[in-house]
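*Asks:* Got a predicted model here, sequence first, then my questions.
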Amino acid sequence: MRKRPFFDGLPVISLTILVVVLVIPALFADLIAPHDPYKAYLRNRLEPPLFFGGTTEFILGTDRLGRDILSRILHGAKYALSISIVGILLGAAVGTALGLIAGYLRGMADAVIMRVVDITFALPSILLALALATLSGPSFQLVIFVVIFVIWGYFARQVRAETLVLREADFVARARVAGASDLRILRKYILPNIVNTIVVLATLQVGVVVILEATLSFLGIGIPRPTPAWGLLVADGRQLIVSSWWISFFPGLAILLTVLSVNLLGDWLRDRLDPKLRQV
Amino acid sequence: MIGEPVLEVRNLKTHLMVKAGPLPVVDDVSFSVSAGETLGIVGESGCGKSMTALSIMRVLPRPIGRIVGGEILLRGEDLVSKSEAEMTAIRGSRLGMILQDPHTSLNPLHTVGNQVIEALRINDRRGAGGSLPARAVAMLKKVNVADAERRVHAYPHQMSGGMKQRVVGAIAISGAPDVIIADEPTTALDVTIQLQYLQLLQEIQAETGMAMIFITHDLGIVANLCHRLIVMYAGRIVEEGTVRDVFKAPSHPYTEALLNSVPAVNRKVDRLYAIDGQPPKLTQTRVGCSFAPRCPYADDTCRSLAPSPSPGLSGSGDHRASCWKQERGA
């Protein structure tokens, strides 16, 4: 007799939150946002949210310039989602390629690549971003670069570890003696067997990337103002956190919900895709 | 039908570069195998049988395995000097290999049909006719996979060990290689399947005329399947000759001991015979005969001077053994 899991609906709830908070706003912000995110309603500055003395006009209140918080959050999802997708795809591609090379070739290539990974983990990414931002100014590309820099090492390490195991597998030896080239072995025999890991790792990295993007924006070295990136929205309310808490609170809540649900989803996915944990 | 020599190995030396220093896992090994001939290589675990095979295929463990001397001539072409790209083209099409464990030798993510098709596609030398799926079915039929039309769509986990080893065999012969190396291909199979598989290999050999190198520690298989045999010990060949000569008049004490270790079914014994001691550690520098510490006949000459192969035993030039004591029994 196998116990039923305590609650089966967790991934469904996570996915729903993710879709409602991140995906739908990112794709349809122009249609669903009640106001222009850049438009300042100067007569409605610092309006509180509905149920806290506000009106249905600005459900989540307005900021110092009278911009609608809800609309800005909805538009901000675009940046969170696009940076997550682009950054993780590129970071995973770089990390996977180098991890495969390191694990398969061993020797010198392995040593060099893994030491570079160690170095990137040792370098404070925020400081690196600060340095780069002073050189080139904050930009979307800079954020993507920092994201790749921060996450590729996780992919490289994990992929290398699994490649080390797989390269010794009998079916890889058999492929070699049957005349398969190294490239073919990597493409057809090793990569397909580690795709699960890459997918799970990528999902778990979404949370990391959203936080990273918010952090960089909060510090003013991420997406440049006045773009409504979530980190910037939180930063906007910094000085007024006591009197007008809603300016920072709701963007912060969006970040929290996104990261939490994406992590729960990643954990669930990991358990599902790991044959050792999967119940028959 | 035994024809021309196809593969000649001359003075092959292979080292594994480990932290403790180079390990001479194959030390000055020479032999040849001819078309249609089956050569057995026997010896206990760690004697260098498999490393010899991996050296010929040039698939030694990377980056520590290295061929440090000698030649491997495949129809006169030296494989040792080939580039990795040239070897990739040779493997599968001119040299085939069957590995020990069929359960892990196939990619779990692809159907067996697709794996045979892949081999056919990369190893196609003559551009034989017919569509690839049809040829894959034909290959499976050739290795006696029953119901091949349906089985091409099966995944490895849906097949038995014997079936999987047949598929591995089909992949190995897909390029119609000149030489096939079978590294203990029946060790993981149960006894009834073993016999079927060996018969299959013999049939394929009779049909294609390929040379076969059969690595095993089962002397019974050697007696039934092989024409000639090589006995290896600690990376060196200690005795070689036709199966008949070696079984009739084993001239190296190690061969004799191996033959004595085979339990006889028609005699009742209290204890099975075992060779005392362990094979030498390859890290030690070797003086004299490697087998001397375990050899009942060893004397001071054996312990100080390495013997060289002396030919002409059993009244033929083919039977030779590396031992100071060959006249012992005679």
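*Replies:* Thanks, I have it.

*Asks:* what's the residue closest to the geometric middle of chain A?
*Replies:* Geometric centre of chain A, nearest residue: A:Val206, 2.5 Å, by Cα atoms, centre = their mean.

*Asks:* Distance of the closest residue to that residue other than its chain neighbours relative to A:Ile126?
*Replies:* Spatial nearest neighbour of A:Val206, chain neighbours left out: A:Val262 (4.4 Å); criterion: Cβ to Cβ, 6 or more residues apart in numbering or on different chains. No exception for glycine: its C-beta is placed from N, CA and C like everyone else's. According to Cβ to Cβ, to the nearest Å, A:Val262 and A:Ile126 sit 21 Å apart.

*Asks:* So these two - more neighbours on which side?
*Replies:* Legend: neighbour count by other Cβ atoms under 10 Å in any protein chain shown for A:Val262 and A:Ile126, higher for A:Val262 (24 against 15).

*Asks:* Relative to B:Phe31, how far out is the residue in the stretch 201-330 of chain B that chain A sits nearest to?
*Replies:* Closest contact between the stretch 201-330 of chain B and chain A, by Cβ to the nearest Cβ, is at B:Ile213 (12.6 Å). In this view, B:Ile213 and B:Phe31 are 9 Å apart by Cβ to Cβ.

*Asks:* now A:Gln141
*Replies:* According to Cβ to Cβ, A:Gln141 and B:Phe31 sit 63 Å apart.

*Asks:* Likewise for B:Asn107?
*Replies:* Counting by Cβ to Cβ, the gap from B:Asn107 to B:Phe31 is 33 Å.

*Asks:* Same question for B:Val80.
*Replies:* B:Val80 sits 15 Å away from B:Phe31, taking Cβ to Cβ as the criterion.

*Asks:* for B:Gln199, same thing?
*Replies:* As for B:Gln199, its distance to B:Phe31 is 25 Å (criterion: Cβ to Cβ).

*Asks:* So which of those two has more stuff around it?
*Replies:* B:Phe31 (19 against 13).

*Asks:* A:Lys78 - nearest residue in space that isn't next to it in sequence?
*Replies:* With sequence-adjacent residues excluded and distances taken as Cβ to Cβ, 6+ apart, A:Lys78 is closest to A:Ala26, at 4.7 Å.

*Asks:* List the residues that contact the one you found.
*Replies:* A:77-78, A:80-82 (Cβ atoms under 8 Å, 6 or more residues apart in numbering or on different chains).

*Asks:* Kindly list the main-chain dihedrals of the residue of the stretch 1-150 of chain A found nearest chain B?
*Replies:* Nearest residue of the stretch 1-150 of chain A to chain B, counting by Cβ to the nearest Cβ: A:Gly107, 4.1 Å away. Backbone geometry at A:Gly107, expressed as degrees, to the nearest 10, gives phi 60, psi -140.

*Asks:* what helix or strand does the residue lying closest to the residue of the stretch 201-330 of chain B closest to chain A once chain neighbours are set aside sit in?
*Replies:* Among residues not flanking B:Ile213 along the chain, B:Ile181 sits closest, at 4.6 Å (Cβ to Cβ, 6+ apart). Counting by DSSP states H and E, the element that carries B:Ile181 is strand B:179-183.

*Asks:* all strands for chain B, in order.
*Replies:* Taking DSSP state E, the strands of chain B run over residues B:5-18, B:21-34, B:38-42, B:65-74, B:77-78, B:95-98, B:179-183, B:211-215, B:228-233, B:236-242, B:320-321.

*Asks:* Out of these, name the one with the poorest average pLDDT.
*Replies:* Out of these, strand B:320-321 stands lowest, with a mean of 86 (criterion: mean pLDDT).

*Asks:* In chain A, which residue sits closest to chain B?
*Replies:* Among residues of chain A, the one nearest chain B by Cβ to the nearest Cβ turns out to be A:Gly179. It sits 2.5 Å away.

*Asks:* Can you report how many residues lie near the residue in the stretch 51-200 of chain B that chain A sits nearest to?
*Replies:* Going by Cβ to the nearest Cβ, chain A is nearest to B:Gly92 of the stretch 51-200 of chain B, at 2.5 Å. For B:Gly92, the neighbour count with other Cβ under 10 Å is 29.

*Asks:* If we ignore the residues flanking it in sequence, what's nearest it?
*Replies:* Per Cβ to Cβ, 6+ apart, closest to B:Gly92 is A:Gly179, 2.5 Å.

*Asks:* what pLDDT does residue 82 get?
*Replies:* Answering for chain A, as no chain was given. We have a pLDDT of 92 for A:Ser82.

*Asks:* I was after chain B.
*Replies:* 92.

*Asks:* need the contact list for it.
*Replies:* B:Lys82 sits in contact with B:58, B:90, where contact means Cβ under 8 Å, 6+ apart.

*Asks:* With B:Ile122 instead?
*Replies:* Contacts for B:Ile122 (Cβ under 8 Å, 6+ apart) come out as A:178-180, A:184, B:92-93.

*Asks:* List the buried residues of the longest helix along chain A.
*Replies:* Secondary structure assigned by DSSP state H gives helix A:69-105 as the longest helix of chain A. By 16 or more other Cβ atoms under 10 Å in any protein chain shown, the buried positions in helix A:69-105 come out as A:69-81, A:83-84, A:86-88, A:90-92, A:94-105.

*Asks:* about what we covered before: list the contacts of the residue of the stretch 51-200 of chain B closest to chain A.
*Replies:* Shown in contact with B:Gly92 (Cβ under 8 Å, 6+ apart): A:177-180, B:119, B:122-123, B:172, B:174-175, B:177.

*Asks:* re the thing from before, just confirm the residue nearest to B:Ile213 contacts B:Gly96, I think it does.
*Replies:* Yes - counting by Cβ atoms under 8 Å, B:Ile181 touches B:Gly96, with 7.2 Å between them.

*Asks:* just to revisit the earlier point, tally of neighbours for the residue of chain A closest to chain B?
*Replies:* 25.

*Asks:* and if you look at B:Leu99?
*Replies:* Residues within reach of B:Leu99, counting by other Cβ under 10 Å, total 23.

*Asks:* right, and it touches B:Pro185 too?
*Replies:* Yes - shown here, B:Leu99 and B:Pro185 form a contact pair, counting by Cβ under 8 Å, at 7.4 Å.

*Asks:* tell me, what's touching the two both at once?
*Replies:* Common neighbours of B:Leu99 and B:Pro185 (Cβ under 8 Å, 6+ apart) are B:Val168.

*Asks:* still on that earlier bit, relative to B:Ala119, how far out is the residue of chain A closest to chain B?
*Replies:* 7 Å.

*Asks:* ok, now B:Ser308?
*Replies:* Here B:Ser308 is placed at a distance of 42 Å from B:Ala119 (Cβ to Cβ).

*Asks:* hang on, the earlier thing: overlap of the contact sets of B:Ile213 and B:Phe31?
*Replies:* B:Leu39.

*Asks:* neighbours around B:Leu54, how many?
*Replies:* For B:Leu54, using other Cβ under 10 Å, the count is 23.

*Asks:* State the mean pLDDT of the helix or strand where A:Ile17 lies.
*Replies:* Element membership for A:Ile17, per DSSP H and E: helix A:10-18. Average pLDDT, helix A:10-18: 86.

*Asks:* and if you look at stretch A:95-113?
*Replies:* 94.

*Asks:* May I have that stretch exported as CSV, CA atoms only?
*Replies:* The C-alpha coordinates for stretch A:95-113 follow below in CSV (Å, rounded to 0.1, in the frame of the first residue of the first chain):
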residue,chain,number,x,y,z
GLY,A,95,26.9,25.5,-19.7
THR,A,96,25.6,22.4,-21.4
ALA,A,97,28.1,22.6,-24.2
LEU,A,98,31.1,23.2,-22.0
GLY,A,99,29.9,20.6,-19.5
LEU,A,100,29.7,18.0,-22.2
ILE,A,101,33.1,18.9,-23.5
ALA,A,102,34.7,18.8,-20.0
GLY,A,103,33.0,15.6,-19.0
TYR,A,104,33.6,13.8,-22.3
LEU,A,105,37.2,14.9,-23.1
ARG,A,106,38.5,15.0,-19.5
GLY,A,107,42.1,16.0,-19.2
MET,A,108,43.1,19.5,-20.0
ALA,A,109,39.8,20.7,-21.3
ASP,A,110,38.0,19.5,-18.2
ALA,A,111,40.5,21.1,-15.9
VAL,A,112,40.3,24.5,-17.7
ILE,A,113,36.5,24.6,-17.9
